[in-house]
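Colleague: Pasting a predicted model and its sequence here:
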Amino acid sequence: MPDWSRRRALHALGTAAAAALAGCSGEEESGFEEPPGDRRGDPVTDYEVHRVREPPAGPLFWRGERSRNRAGGHLHVAEPADLEDVTFADRETAAELAAFVRETDLETESVVVQSRAVRECYELRLSGVWRDGDDFETSFCSELRPADVACGRD
C-alpha cells in the first residue's frame with residue numbers, strides 16, 4: 001500500500017470530466033473546505049490538478065480486463081508497479097492523461113486519477129482532498145461554463 005508520508009503526498013488529481021454535482025458556493029475560495037458528510041481525514045493541500053475533457057467515448061483508463069463502458073473510476077499510482085495492469089484508451093485525451101501520470105516522479109510523488117461524466121455546459125472544480133491512512137477522499141462541485149463556450153443544455 002502507498003506510504004502517505006510527505007514523501008508520498010498526493011501530487012496530482014487528473015479528472016476526465018465528471019457528472020454535474022451539487023453547485024459550487026459561488027464565493028471565492030476562502031480556505032480549505034471540509035469533506036462532505038461525516039468523512040474526515042487530514043487535508044491535502046500540496047497538489048497539482050490536471051484536467052482533460054472529451055465527449056463520452058468509453059473509459060479513458062481501466063485496470064485489468066476492460067469491462068463495460070463505465071462513466072467513472074479512479075486510480076492511485078504511488079509506484080511504477082501500480083501501473084502494471086492499467087491500460088489507457090487509444091485516444092488523444094487518454095494519451096495526454098497517461099503522459100501526465102508517467103511523467104510523475106514516483107520516488108517523491110503520487111498521482112490520483114479520477115474519471116467522471118460531466119454535462120456539456122458545466123465544468124468541474126476540485127473543492128478538496130483528504131487522506132486517512134491509505135485512503136483518500138475528494139470533493140468536487142460543478143459550475144456553469146463561461147457564456148462564450150458553445151454547449152447544449154440537453
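Modeller: Sure, I can see it. Residues are numbered from 1 along each chain as shown.
Colleague: next helix or strand past the helix or strand of the chain with the lowest mean pLDDT?
Modeller: Across the helices and strands of the chain, mean confidence by mean pLDDT, DSSP states H and E is lowest for strand 10-16: a mean of 33. Counting by DSSP states H and E, the next helix or strand C-terminal to strand 10-16 is strand 42-43.
Colleague: Rounded mean pLDDT for that next one, please.
Modeller: Averaged across strand 42-43, the pLDDT comes to 88.
Colleague: Can you name the element that comes right after it?
Modeller: Once the chain leaves strand 42-43, the next helix or strand it forms, by DSSP H and E, is strand 48-52.
Colleague: Show me what counts as buried in that next one.
Modeller: Neighbour counts over strand 48-52 (16 or more other C-beta atoms under 10 Å) mark 50, 52 as buried. To be clear about C-beta, it is placed using only N, CA and C from the backbone, and glycine gets the same treatment.
Colleague: what packs against it?
Modeller: strand 10-16, helix 92-102 (3 or more C-beta pairs under 8 Å, 6 or more residues apart in numbering; DSSP states H and E).
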